[in-house]
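*Asks:* Got a predicted structure plus its sequence, pasted below:
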Amino acid sequence: MLRVSDLRELRYDDVSGDHVVIAQQKTQKVIRVRLTDTAKRIIAARKEANPNHVYILQLDSKRSTGKPVSRSKLHEEISYAGQKLGLNLSTHSMRKSKPTIGYEDGADIAVISKALGHKSLASTLHRRDTGQG
């Protein structure tokens, strides 16, 4: 449920055991996100394949050496993965999916709001009602 600005900036140093701990760029709130077993395997495989990388989503092109993947490249790759799965995916739809499912299953909207890093419950409810994230 990370914003694209936070997702692309994830560093290997942000991973602590079963969690990623980061300060959100938009709100400056420090959040702790639990990693799934699949996410942990992917991160470990990327680190093994790219031991000199700082960022989890880092490329080796001349333009991007030592920098995280660009927003446009991240959008492109997520869209491509979605096409392969027969889904219409974007970084924003990925951010909204879990909270929407949780809300529909009866999860506490206050917990969802906190997980999304929204400043107010009203903001979460507005975005849910309008289809925004």
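*Replies:* Nice, thanks for sending it over. Numbering: from 1, shown residues only.
*Asks:* Is residue 55 in contact with residue 11, as I believe?
*Replies:* Yes: look at residue 55 against residue 11 with C-beta atoms under 8 Å: they come within range, at 5.6 Å. (C-beta placed from N, C-alpha, C; glycine too.)
*Asks:* Those two: who's more crowded?
*Replies:* A side-by-side neighbour count of residue 55 and residue 11, using other C-beta atoms under 10 Å, places residue 55 first with 20 against 15.
*Asks:* Distance-wise, check the residue nearest to the more buried one when sequence neighbours are not counted relative to residue 22.
*Replies:* Leaving aside its chain neighbours, residue 55 sits nearest to residue 68 (4.2 Å; criterion: C-beta to C-beta, 6 or more residues apart in numbering). Between residue 68 and residue 22 the computed distance is 12 Å (C-beta to C-beta, to the nearest Å).
*Asks:* Distance check, residue 76 against residue 86.
*Replies:* Taken as C-beta to C-beta, the span from residue 76 to residue 86 is 18 Å.
*Asks:* So which of the two has more stuff around it?
*Replies:* Each of residue 76 and residue 86 has its neighbours counted (other C-beta under 10 Å); residue 76 has more, 12 against 6.
*Asks:* Would you mind giving the secondary structure of the more buried one?
*Replies:* Per DSSP: H, G, I helix; E, B strand; the rest coil, the local secondary structure of residue 76 is helix.
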